[in-house]
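Novice: Give me a model of this one.
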Amino acid sequence: MYNFVITETLIVEPQNKKQLIAIKAVLRALNVSFRKEGESSINPSPSGDAWFSDPKNIQIVEEGVAKAKTGPCVILDDALKKELFGE
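Specialist: This next block holds a predicted model:
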């Protein structure tokens, strides 16, 4: 199976708020990233994975990185993998 990243910008012009809400709902359901005109993309994923387009998900990642730098961390090395999973 091949994964191709297709990049094309569409300009959508809803006529009212109801249409705007519906369009956003469809895009989310299809896992299509979108942003308002003038907003910069925060998606750091080289493949353009839409999961990274959600600011809430980016916040989760940033909090995890901060905890890893300041708090206790467990490094899952080969020995710990074997101990936990028996592999």
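
Novice: contacting residues around the most centrally placed residue in the chain?
Specialist: By CA atoms, centre = their mean, the mean C-alpha position of the chain lies nearest to F52, the distance being 1.6 Å. By CB atoms under 8 Å, 6 or more residues apart in numbering, the contact set of F52 is 42-45, 58, 61. Yep, even glycine has a C-beta here, placed from its N, CA and C like the rest.

Novice: Of those residues, which is the most crowded?
Specialist: Sorting those by how many neighbours each has (other CB atoms under 10 Å) puts N43 first, at 18 neighbours.

Novice: The lengthiest helix in the chain - contacts with which helices or strands?
Specialist: Across the chain, the longest stretch assigned as helix under DSSP state H is helix 55-70. Helix 55-70 sits against no helix or strand, with contacts defined as 3 or more CB pairs under 8 Å, 6 or more residues apart in numbering; DSSP states H and E.

Novice: And the average pLDDT for it is what?
Specialist: Averaged across helix 55-70, pLDDT comes to 86.

Novice: just the CA coordinates of it, formatted as PDB?
Specialist: Once side chains and other backbone atoms are set aside, the C-alpha atoms of helix 55-70 remain, and they are given as PDB (Å, rounded to 0.1, in the frame of the first residue of the first chain):
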ATOM      1  CA  PRO A  55      -3.800  22.300  18.700                       C
ATOM      2  CA  LYS A  56      -5.000  20.100  21.500                       C
ATOM      3  CA  ASN A  57      -2.900  17.300  20.200                       C
ATOM      4  CA  ILE A  58       0.100  19.500  19.900                       C
ATOM      5  CA  GLN A  59      -0.400  20.700  23.500                       C
ATOM      6  CA  ILE A  60      -0.400  17.000  24.600                       C
ATOM      7  CA  VAL A  61       2.900  16.400  22.800                       C
ATOM      8  CA  GLU A  62       4.500  19.600  24.200                       C
ATOM      9  CA  GLU A  63       3.400  18.700  27.800                       C
ATOM     10  CA  GLY A  64       4.900  15.300  27.400                       C
ATOM     11  CA  VAL A  65       8.200  16.700  26.100                       C
ATOM     12  CA  ALA A  66       8.300  19.200  29.100                       C
ATOM     13  CA  LYS A  67       7.600  16.300  31.600                       C
ATOM     14  CA  ALA A  68      10.300  14.200  30.000                       C
ATOM     15  CA  LYS A  69      12.800  17.100  30.500                       C
ATOM     16  CA  THR A  70      11.900  17.900  34.000                       C
END
